[in-house]
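Engineer: sequence unknown, structure follows:
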């Protein structure tokens, strides 16, 4: 026994003190260890250290990472002036708000994507229906039958084209290509129904059409045909002229302001063009409008409508020539005016003056 005590190795005093303090005080915030010694031979002793208990985790607000704090005040001031319970509640509310905000943002983006996808699918389906109806009308017209497929689908097409929230989807999915097919003349050179022309051309005025859309759809060529055709109704021709002007102005780098507009002038001689006016016989040979044809079938008189004319050259007027032409008229007007003035003067001078209210000029 004496030899064992003499050859016992030195044990770290910190380990012994830590184990004793842990066993004595039993604190939950410290590590607790146990030591055991085993004699192997006369000169060797084996010491073993066992971990009995780990410290309890502290969930106090002080252990929360600073990155989760979203307050502009310094961390030291928060720890010193804010109550721990209030701070814990505030951090919890901030986490909940952040989670709800991110969730609603993701849901909103997903809903927007779904809505755009539904709009694109609807436009694609309508485009296929319009192309199919146009092809069927072409076949019926070639066979001498009445083409009514486009008229049947016209209410649905007008409803879609009139919605402002679908304008971007209409242009992106190139629905204008189907509109071009609907506005093209039929194989027998007849124009589409007036209702189709009216609805589609009015719808084109509400769409933000750019140069890329015109190139992809080719609808500009059809509207140029409507602009030059004499069978186009005057009101529709005005809309077509305005559309073509709005589309070509950015291409030609022209301003839409009348201040920047350049007007071409040319000398005008009325006697030169007097014999070139169309006679009544020539006018009778001009193609009649749809309204005039309808009135002729019903044996009714058509109300004359104003013809739209686009003038590109303005006549140059000489004010001196106008004065020379009106010289005799001006002299006659001057004499008449002078005569009327003299007559008025005579009337004023011949007027008899009667007695006044005060009794002046009273004859006694």
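Structural biologist: Right, received. Where do you want to start? The shown structure was predicted, so the numbers you read here are calculated from the model rather than taken from an experiment. Residues are numbered from 1 along each chain as shown.

Engineer: Tell me which stretches of this structure form strands.
Structural biologist: When assigned using DSSP state E, the strands of the chain occupy the ranges 32-39, 45-53, 264-267, 313-316.

Engineer: Can you list the residue ranges for helices in the stretch 251-364 of the chain?
Structural biologist: Secondary structure of the stretch 251-364 of the chain (DSSP state H, counting those that start in this stretch): helices located at 270-274, 280-284, 290-297, 319-325, 327-349.

Engineer: Give me the contact list for the third one.
Structural biologist: Identification of contacts with helix 290-297 by CB atoms under 8 Å, 6 or more residues apart in numbering yields 194, 231, 233, 288, 301, 302, 305. No exception for glycine: its C-beta is placed from N, CA and C like everyone else's.

Engineer: Most neighbours among these, which one?
Structural biologist: With neighbours taken as other CB atoms under 10 Å, the top of the contacts of helix 290-297 is residue 233, carrying 20 neighbours.

Engineer: Which of the helices of the stretch 251-364 of the chain comes out lowest on mean pLDDT?
Structural biologist: The weakest mean pLDDT among the helices of the stretch 251-364 of the chain belongs to helix 280-284, with a mean of 54.

Engineer: With distance to residue 250 added, can I get the contacts of helix 290-297 in TSV?
Structural biologist: Converted to TSV, the contacts of helix 290-297 look like this (distance: CB to CB, whole Å):
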residue	distance to residue 250
194	31
231	29
233	27
288	37
301	45
302	39
305	32
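
Engineer: show me the contacts for residue 188.
Structural biologist: Applying CB under 8 Å, 6+ apart, we find residue 188 in contact with residue 141.

Engineer: State the pLDDT value of it.
Structural biologist: pLDDT, the model's per-residue confidence, is 89 for residue 188.

Engineer: Same check on residue 276?
Structural biologist: pLDDT recorded at residue 276 is 62.

Engineer: Need the contact partners of stretch 119-134.
Structural biologist: The set of residues external to stretch 119-134 that reach it, using CB under 8 Å, 6+ apart, is 149-150, 152-153, 156-157, 160, 166, 169-170, 172-175, 177-179, 181-182, 184.

Engineer: repeat that with 7 Å
Structural biologist: Applying CB atoms under 7 Å, 6 or more residues apart in numbering, the external contacts of stretch 119-134 come out as 149-150, 153, 157, 160, 166, 169-170, 173, 175, 178, 181-182.

Engineer: what two of these have the greatest distance between them?
Structural biologist: Checking the contacts of stretch 119-134 against each other with CB to CB, the farthest-apart pair comes out as 149 and 169, at 23.9 Å.

Engineer: Now do residue 127: how many residues are near it, please.
Structural biologist: Residue 127: 19 surrounding residues under other CB under 10 Å.

Engineer: So it versus residue 345, what's the distance?
Structural biologist: If you measure residue 127 against residue 345 using CB to CB, to the nearest Å, the figure is 83 Å.

Engineer: What of residue 148?
Structural biologist: With CB to CB as the criterion, residue 148 and residue 345 are 81 Å apart.

Engineer: Comparing these two, which shows the higher neighbour count?
Structural biologist: Neighbour totals were compared for residue 148 and residue 345, and residue 148 leads with 13 against 10 (other CB under 10 Å).

Engineer: What residues does the more buried one make contact with?
Structural biologist: Taking CB under 7 Å, 6+ apart as the criterion, residue 148 is in contact with no other residue.

Engineer: Give me the phi and psi for it.
Structural biologist: With angles defined as degrees, to the nearest 10, residue 148 sits at phi -130, psi 0.

Engineer: quick one: pLDDT of it?
Structural biologist: In this model, residue 148 carries a pLDDT of 90.

Engineer: Residue 266 too?
Structural biologist: The score at residue 266 is 81. That number is its pLDDT.

Engineer: Could you do residue 59 as well?
Structural biologist: So residue 59 comes in at 47 (pLDDT).

Engineer: Can you tell me how far residue 296 is from residue 288?
Structural biologist: When CB to CB is the yardstick, residue 296 and residue 288 sit 7 Å from each other.

Engineer: Between the two ends of stretch 305-312, how far is it?
Structural biologist: 22 Å (CA to CA, to the nearest Å).

Engineer: picking that back up, tabulate the contacts of helix 290-297 in CSV, adding columns for pLDDT.
Structural biologist: Listed next are the contacts of helix 290-297 as CSV, based on pLDDT from 0 to 100:
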residue, pLDDT
194, 92
231, 88
233, 89
288, 75
301, 86
302, 82
305, 70
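
Engineer: what's the closest of the residues you listed to residue 201?
Structural biologist: residue 233 (9.8 Å).

Engineer: Below-threshold pLDDT in the stretch 151-300 of the chain: ranges please.
Structural biologist: For the stretch 151-300 of the chain, the stretches flagged by pLDDT under 70 are 255-258, 260, 270, 273-286.

Engineer: which residues touch residue 223?
Structural biologist: Counting by CB under 7 Å, 6+ apart, residue 223 has contacts 240, 243, 244.
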